[in-house]
Each structure stands twice: as C-alpha cells, then as structure tokens.
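> Coordinates for the following, if possible.
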Amino acid sequence: MIREYIKKALQHARYELIDDPEPYYGEVPELPGVWATGATLEACRATLAEVLDGWLLIRISRGMLIPQLGQVGITIPKEVMVE
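Residues are numbered from 1 along each chain as shown. Just a heads-up that it's a prediction; the model follows:
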C-alpha cells in the first residue's frame, strides 16, 4: 500500500530547473511540503522519494489525513495510537 502510494506520488511529481547550486527542483503539488532539489534530475528524484517517505511516516504517526492520489490512498485505522 505505501509503495504503491509513493510510486503514484512520484508519477505526479513536477520538475523544473532553478537558479541554484542544485538546479533541479521537484515537488508533488497535491502533497504540501513534499519537495526536493538535486544536482541532477536523478538525485532530485531520489531525494524527493526520501522526503515523501518521511512525510508519510510523520502523517501516519500523527494520525493525519493522507490525500488520495487517483485511485491510490492510505487509510489509517482509528486504532492507531499516537504516543
């Protein structure tokens, strides 16, 4: 379920060149705060996947809503305890 979500999110990613030492910028527009930069497009994609992984862990651990992407979503059971 999580791998499918990450795969789908990366398919939704948008990339552009910016004026920066790491000129490749990528983001998933539907997921606030999920963005990354890199020296190459591949480095940017790899970092974006790591950011997405951390973003998901935080949202899951806090019981926060995770937006559905197309037909792919993650549902957090109400029984999940936040400590």
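
> Next, the nearest residue to residue 40 once chain neighbours are set aside: phi, psi?
Excluding its sequence neighbours, the residue lying closest to residue 40 (C-beta to C-beta, 6 or more residues apart in numbering) is residue 24, at 6.4 Å. Glycine gets a C-beta too; all of them are placed from N, C-alpha and C. According to degrees, to the nearest 10, the main-chain angles of residue 24 amount to phi -100, psi 120.

> who's in contact with residue 24?
15-18, 37-41, 43-44 (C-beta atoms under 8 Å, 6 or more residues apart in numbering).

> Distance-wise, check it relative to residue 44.
Noted for residue 24: a distance of 4 Å to residue 44, by C-beta to C-beta, to the nearest Å.

> how about the helices in the chain?
Secondary structure of the chain (DSSP state H): helices located at 2-12, 41-61.

> one step back: what is the residue nearest to residue 40 paired to in the beta sheet?
Beta-bridge pairing of residue 24 under DSSP bridges involves residue 17, residue 38.

> Let me know the pLDDT of it.
The model reports residue 24 with a pLDDT of 98.
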